[in-house]
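Peer 1: Starting from these lines, generate the structure:
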Amino acid sequence: MADAARQLDQTGGADVVRRLIARPIRLEHTRHLEETVAPEPAADEGEDAADEVRDVASLEAELALLKAVLDAERREGASLRARLSDPATADAADGVAVRERWAALVDDLLLRLR
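Peer 2: Now for the predicted structure:
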């Protein structure tokens, strides 16, 4: 997770997460491109290998980042579920405040109707 956070800082922030999660996956479109694109003549093998290594490293960093984000979301969801399911841990002042807000809202609505 620390590696993912460090790479997130290096790659440009939370925009990376949004781009990765919102990135459309069009399998049919890529299949069509593979069929229509003619194979290119073999270029310099060294450059291709370096590009592939860089691409793999980038994809691994993206994967680690997505895993860290999903793990954080799971932990936050579990924490929220635990707090909601156990009323004994809920703060009594929060319940009173919510009740008072609802009472004020109902009173306001009733006064408007008169």
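
Peer 1: those helices in this protein, which residues are they?
Peer 2: For the chain, the helices defined by DSSP state H cover 2-11, 15-22, 27-36, 45-85, 92-113.

Peer 1: Quick check: which ranges of this structure have low pLDDT?
Peer 2: 1-44, 87-91, 114 (pLDDT under 70).

Peer 1: so how far is R83 from R75?
Peer 2: 13 Å (C-beta to C-beta, to the nearest Å). All C-beta spots, glycine's among them, are computed from the backbone N, C-alpha and C.

Peer 1: In CSV, list the C-alpha atoms belonging to stretch 104-114.
Peer 2: Extracted as CSV, the C-alpha positions of stretch 104-114 are listed here (Å, rounded to 0.1, in the frame of the first residue of the first chain):
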residue,chain,number,x,y,z
ALA,A,104,-37.6,20.9,13.7
LEU,A,105,-38.2,19.9,10.1
VAL,A,106,-41.6,18.4,10.9
ASP,A,107,-42.6,21.5,12.9
ASP,A,108,-41.5,23.8,10.1
LEU,A,109,-43.5,21.8,7.5
LEU,A,110,-46.6,21.8,9.8
LEU,A,111,-46.4,25.5,10.3
ARG,A,112,-46.1,26.1,6.6
LEU,A,113,-49.3,24.2,6.0
ARG,A,114,-51.3,26.4,8.5
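
Peer 1: Tell me the buried residues in that stretch?
Peer 2: Using 16 or more other C-beta atoms under 10 Å as the test for burial, stretch 104-114 gives no buried residues.

Peer 1: now swap in stretch 48-68 and tell me
Peer 2: Applying 16+ other C-beta under 10 Å to stretch 48-68 flags A61, E62, A64, L65, A68 as buried.

Peer 1: From those, pick the one nearest D107.
Peer 2: A68 (46.6 Å; C-beta to C-beta).

Peer 1: and the gap between that closest one and A61?
Peer 2: Using C-beta to C-beta, A68 is found at 11 Å from A61.

Peer 1: now do A78
Peer 2: According to C-beta to C-beta, A78 and A61 sit 26 Å apart.

Peer 1: Could you do V98 as well?
Peer 2: V98 is 43 Å from A61, by C-beta to C-beta.
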